[in-house]
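[1] Structure for this input, please:
(one chain, ligands or ions: 2)
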Amino acid sequence: MDEAESGVTKGKCTPQGKDVNRQAASRVVLLDRDGTIIEDPGYLADPDGVRFLPGAVAGLRRLGAAGFRLVVVTNQSGVGRGLVTEEQVAAVHARLRAELEQSGVHLAGVYYCPHRPDEGCGCRKPATGLATRAAAELGFPIADAIVVGDKASDLQLARALGVLSILVLTGEGRATAEAHPGLADYVVADLVEAAGVITWFRSERSEEPAPPCT
Ligand SMILES: [Mg+2]
Ligand SMILES: [Zn+2]
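    Residues are numbered from 1 along each chain as shown. Ligands and ions are numbered 1, 2, ... in the order given. Predicted structure coming up:
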(Lines give C-alpha, C1' and ligand atoms only; values in the text may rest on other atoms or scores of the structure.)
(Ligands and ions follow the chains in the order given, each with its own letter.)
Protein backbone atom coordinates (compact mmCIF):
# COMPACT_ATOMS: atom_id res chain seq x y z
CA MET A 1 0.00 0.00 0.00
CA ASP A 2 1.23 3.44 -0.86
CA GLU A 3 1.81 5.49 2.26
CA ALA A 4 0.95 8.87 0.79
CA GLU A 5 -2.16 7.40 -0.72
CA SER A 6 -3.36 5.81 2.47
CA GLY A 7 -2.60 8.80 4.68
CA VAL A 8 -1.64 6.37 7.40
CA THR A 9 1.86 6.12 8.79
CA LYS A 10 3.74 2.98 7.93
CA GLY A 11 5.21 0.85 10.62
CA LYS A 12 1.97 0.61 12.54
CA CYS A 13 2.48 -3.13 12.64
CA THR A 14 4.29 -2.56 15.90
CA PRO A 15 2.46 -2.96 19.17
CA GLN A 16 0.82 0.17 20.50
CA GLY A 17 1.30 -0.86 24.07
CA LYS A 18 -1.29 -3.52 24.67
CA ASP A 19 -0.03 -7.07 24.84
CA VAL A 20 -3.16 -8.89 25.81
CA ASN A 21 -3.15 -12.59 26.47
CA ARG A 22 -0.56 -13.19 23.88
CA GLN A 23 -0.04 -16.87 24.57
CA ALA A 24 -3.73 -17.70 24.53
CA ALA A 25 -4.56 -21.38 24.62
CA SER A 26 -7.15 -21.21 21.87
CA ARG A 27 -6.94 -19.26 18.67
CA VAL A 28 -10.02 -17.47 17.49
CA VAL A 29 -10.35 -14.52 15.15
CA LEU A 30 -13.59 -12.53 15.18
CA LEU A 31 -13.90 -11.03 11.72
CA ASP A 32 -16.11 -8.27 10.50
CA ARG A 33 -17.78 -9.05 7.16
CA ASP A 34 -18.46 -5.93 5.08
CA GLY A 35 -15.36 -3.94 4.18
CA THR A 36 -13.17 -6.55 5.82
CA ILE A 37 -13.83 -9.82 3.99
CA ILE A 38 -16.15 -8.74 1.19
CA GLU A 39 -17.01 -5.52 -0.56
CA ASP A 40 -19.77 -3.47 0.99
CA PRO A 41 -22.30 -2.32 -1.60
CA GLY A 42 -24.67 -1.30 1.22
CA TYR A 43 -27.30 -3.68 2.59
CA LEU A 44 -26.18 -6.62 0.52
CA ALA A 45 -29.17 -8.85 -0.19
CA ASP A 46 -28.05 -10.81 -3.25
CA PRO A 47 -25.58 -13.70 -2.96
CA ASP A 48 -24.32 -12.81 -6.43
CA GLY A 49 -23.07 -9.58 -4.87
CA VAL A 50 -20.53 -11.40 -2.68
CA ARG A 51 -17.16 -10.05 -3.82
CA PHE A 52 -14.04 -10.78 -1.84
CA LEU A 53 -11.72 -7.91 -1.07
CA PRO A 54 -8.10 -8.17 -2.23
CA GLY A 55 -6.12 -10.38 0.12
CA ALA A 56 -9.18 -11.60 1.99
CA VAL A 57 -9.21 -15.21 0.89
CA ALA A 58 -5.43 -15.54 1.10
CA GLY A 59 -5.37 -14.02 4.57
CA LEU A 60 -8.15 -16.26 5.84
CA ARG A 61 -6.45 -19.30 4.34
CA ARG A 62 -3.25 -18.41 6.13
CA LEU A 63 -5.06 -18.02 9.44
CA GLY A 64 -6.89 -21.31 8.99
CA ALA A 65 -3.66 -23.08 8.13
CA ALA A 66 -2.12 -21.64 11.30
CA GLY A 67 -4.90 -23.25 13.34
CA PHE A 68 -7.11 -20.25 14.00
CA ARG A 69 -10.86 -20.66 14.16
CA LEU A 70 -12.54 -18.01 12.04
CA VAL A 71 -15.81 -16.47 13.19
CA VAL A 72 -17.69 -13.73 11.36
CA VAL A 73 -19.51 -11.15 13.49
CA THR A 74 -21.44 -8.61 11.46
CA ASN A 75 -24.01 -5.85 11.89
CA GLN A 76 -26.83 -6.22 9.37
CA SER A 77 -29.22 -3.46 10.26
CA GLY A 78 -30.71 -3.75 6.77
CA VAL A 79 -32.87 -6.47 8.26
CA GLY A 80 -34.32 -4.21 10.93
CA ARG A 81 -34.73 -1.45 8.38
CA GLY A 82 -36.79 -3.75 6.17
CA LEU A 83 -34.26 -3.60 3.33
CA VAL A 84 -32.94 -7.15 3.60
CA THR A 85 -34.78 -10.29 4.69
CA GLU A 86 -33.36 -12.89 7.07
CA GLU A 87 -33.59 -15.35 4.15
CA GLN A 88 -31.43 -13.06 2.02
CA VAL A 89 -28.86 -12.74 4.80
CA ALA A 90 -28.80 -16.52 5.09
CA ALA A 91 -28.32 -16.85 1.33
CA VAL A 92 -25.45 -14.36 1.35
CA HIS A 93 -23.79 -16.22 4.21
CA ALA A 94 -24.29 -19.57 2.51
CA ARG A 95 -22.54 -18.18 -0.57
CA LEU A 96 -19.79 -16.69 1.56
CA ARG A 97 -19.20 -20.01 3.29
CA ALA A 98 -19.36 -22.04 0.08
CA GLU A 99 -16.91 -19.86 -1.81
CA LEU A 100 -14.51 -19.86 1.09
CA GLU A 101 -14.76 -23.64 1.48
CA GLN A 102 -13.86 -23.97 -2.20
CA SER A 103 -10.74 -21.98 -1.38
CA GLY A 104 -9.95 -24.18 1.59
CA VAL A 105 -11.24 -21.80 4.26
CA HIS A 106 -13.69 -22.98 6.89
CA LEU A 107 -15.72 -20.54 8.94
CA ALA A 108 -16.43 -21.86 12.43
CA GLY A 109 -19.43 -19.57 12.70
CA VAL A 110 -21.25 -16.60 11.23
CA TYR A 111 -23.16 -14.34 13.61
CA TYR A 112 -25.10 -11.23 12.71
CA CYS A 113 -27.13 -8.56 14.41
CA PRO A 114 -30.36 -7.82 12.50
CA HIS A 115 -31.34 -4.79 14.57
CA ARG A 116 -31.40 -1.09 13.82
CA PRO A 117 -29.12 1.16 15.91
CA ASP A 118 -32.13 2.73 17.65
CA GLU A 119 -33.38 -0.62 18.90
CA GLY A 120 -30.70 -0.65 21.59
CA CYS A 121 -30.02 -4.35 21.32
CA GLY A 122 -27.13 -6.10 23.00
CA CYS A 123 -25.71 -7.60 19.85
CA ARG A 124 -25.08 -4.71 17.45
CA LYS A 125 -21.35 -4.02 17.53
CA PRO A 126 -19.74 -2.47 19.52
CA ALA A 127 -22.04 -4.33 21.92
CA THR A 128 -20.59 -7.69 22.82
CA GLY A 129 -23.61 -9.96 22.30
CA LEU A 130 -22.48 -11.58 19.06
CA ALA A 131 -19.02 -12.30 20.43
CA THR A 132 -20.25 -13.72 23.73
CA ARG A 133 -22.80 -15.88 21.91
CA ALA A 134 -20.09 -17.21 19.60
CA ALA A 135 -17.84 -17.90 22.57
CA ALA A 136 -20.60 -19.82 24.35
CA GLU A 137 -21.75 -21.80 21.32
CA LEU A 138 -18.33 -22.56 19.86
CA GLY A 139 -16.65 -23.01 23.22
CA PHE A 140 -13.76 -20.59 23.50
CA PRO A 141 -12.68 -18.12 26.17
CA ILE A 142 -13.56 -14.65 24.96
CA ALA A 143 -10.20 -13.40 26.18
CA ASP A 144 -8.51 -15.58 23.57
CA ALA A 145 -10.13 -13.83 20.65
CA ILE A 146 -8.68 -11.21 18.33
CA VAL A 147 -10.98 -8.78 16.51
CA VAL A 148 -10.40 -7.65 12.91
CA GLY A 149 -12.52 -5.02 11.20
CA ASP A 150 -12.71 -1.77 9.26
CA LYS A 151 -14.88 0.39 11.50
CA ALA A 152 -14.66 2.00 14.91
CA SER A 153 -17.43 -0.30 16.12
CA ASP A 154 -15.14 -3.28 15.51
CA LEU A 155 -12.30 -1.69 17.43
CA GLN A 156 -14.63 -0.64 20.24
CA LEU A 157 -15.93 -4.20 20.40
CA ALA A 158 -12.37 -5.37 20.98
CA ARG A 159 -11.96 -2.76 23.70
CA ALA A 160 -15.19 -3.88 25.34
CA LEU A 161 -14.01 -7.49 25.26
CA GLY A 162 -10.51 -6.56 26.42
CA VAL A 163 -8.88 -8.23 23.44
CA LEU A 164 -6.54 -7.24 20.65
CA SER A 165 -7.88 -5.19 17.74
CA ILE A 166 -6.64 -5.00 14.18
CA LEU A 167 -7.87 -2.36 11.77
CA VAL A 168 -7.75 -3.24 8.07
CA LEU A 169 -7.49 -0.35 5.63
CA THR A 170 -10.01 -1.93 3.29
CA GLY A 171 -13.65 -0.84 3.32
CA GLU A 172 -14.02 2.14 5.65
CA GLY A 173 -10.63 1.44 7.20
CA ARG A 174 -8.82 4.55 6.04
CA ALA A 175 -11.55 6.86 7.23
CA THR A 176 -11.60 4.99 10.53
CA ALA A 177 -7.83 5.32 10.94
CA GLU A 178 -8.03 9.06 10.38
CA ALA A 179 -11.06 9.61 12.59
CA HIS A 180 -9.90 7.37 15.44
CA PRO A 181 -6.11 7.46 15.67
CA GLY A 182 -4.82 5.05 18.28
CA LEU A 183 -8.07 3.16 18.69
CA ALA A 184 -6.68 0.08 16.95
CA ASP A 185 -3.84 -1.94 18.40
CA TYR A 186 -2.58 -2.61 14.89
CA VAL A 187 -3.32 -1.03 11.54
CA VAL A 188 -2.72 -3.19 8.47
CA ALA A 189 -3.45 -2.98 4.76
CA ASP A 190 -5.64 -6.04 4.42
CA LEU A 191 -6.34 -9.53 5.73
CA VAL A 192 -3.04 -10.88 4.46
CA GLU A 193 -1.19 -8.41 6.65
CA ALA A 194 -3.64 -9.06 9.45
CA ALA A 195 -2.83 -12.77 9.24
CA GLY A 196 0.86 -11.94 9.47
CA VAL A 197 0.35 -9.86 12.61
CA ILE A 198 -1.97 -12.40 14.22
CA THR A 199 0.24 -15.41 13.63
CA TRP A 200 3.22 -13.45 14.91
CA PHE A 201 1.28 -12.19 17.91
CA ARG A 202 0.26 -15.67 18.96
CA SER A 203 3.59 -17.26 18.08
CA GLU A 204 5.96 -18.82 20.59
CA ARG A 205 8.71 -16.49 19.46
CA SER A 206 7.34 -13.54 21.30
CA GLU A 207 10.77 -11.89 21.58
CA GLU A 208 10.94 -11.32 17.86
CA PRO A 209 9.98 -7.90 16.50
CA ALA A 210 6.65 -7.51 14.78
CA PRO A 211 6.58 -8.23 11.07
CA PRO A 212 7.01 -5.16 8.86
CA CYS A 213 4.03 -3.73 7.07
CA THR A 214 4.17 -4.00 3.32
MG1 LIG B 1 -17.21 -3.44 8.18
ZN1 LIG C 1 -28.70 -6.71 17.63
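[2] what kind of secondary structure is the nearest residue to residue 84 once chain neighbours are set aside in?
    Leaving aside its sequence neighbours, residue 84 sits nearest to residue 78 (C-beta to C-beta, 6 or more residues apart in numbering; 3.7 Å). In short, each C-beta sits where N, CA and C put it, glycine included. Under DSSP: H, G, I helix; E, B strand; the rest coil, residue 78 falls in the helix class.
[3] what's the burial count for residue 78?
    18 (other C-beta atoms under 10 Å).
[4] That one touches residue 85, doesn't it?
    No. Judged on C-beta atoms under 8 Å, residue 78 makes no contact with residue 85 at a distance of 9.1 Å.
[5] Touching both of those two, which residues are there?
    Shared contacts of residue 78 and residue 85, defined by C-beta atoms under 8 Å, 6 or more residues apart in numbering, comprise residue 45.
[6] ok, the residue in the chain that ligand 1 sits nearest to - contacts?
    When scored by C-beta to the ion, the chain has residue 35 as its residue closest to ligand 1, at 3.6 Å. For residue 35, the contacting residues are 53, 149, 150, 151, 168, 170, 171, 172, 173, by C-beta under 8 Å, 6+ apart.
[7] Repeat the analysis, applying 7 Å as the threshold.
    Residues near residue 35 by C-beta atoms under 7 Å, 6 or more residues apart in numbering: 150, 170, 171, 172, 173.
[8] one step back: and the residue nearest to residue 84, how far is that from ligand 2?
    Residue 78 is 12 Å from ligand 2, where distance means C-beta to the ion, to the nearest Å.
[9] With residue 168 instead?
    Taking C-beta to the ion, one finds residue 168 at 23 Å from ligand 2.
[10] hang on, isn't that residue packed against residue 186?
    No. Taking C-beta atoms under 7 Å as the definition, residue 168 is not a contact partner of residue 186, at 9.6 Å.
[11] quick one: which of the two has more around it?
    residue 168 (33 against 25).
[12] Give me the pLDDT for the more buried one.
    Residue 168 carries a pLDDT value of 98.
[13] List phi and psi for it.
    phi -90, psi 140 (degrees, to the nearest 10).
[14] Please renumber the chain so that the first residue is 58 from this point on.
    Sure, I'll start numbering at 58, so the last one becomes residue 225.
[15] residues contacting it?
    93, 205, 207, 245, 247, 248, 251.
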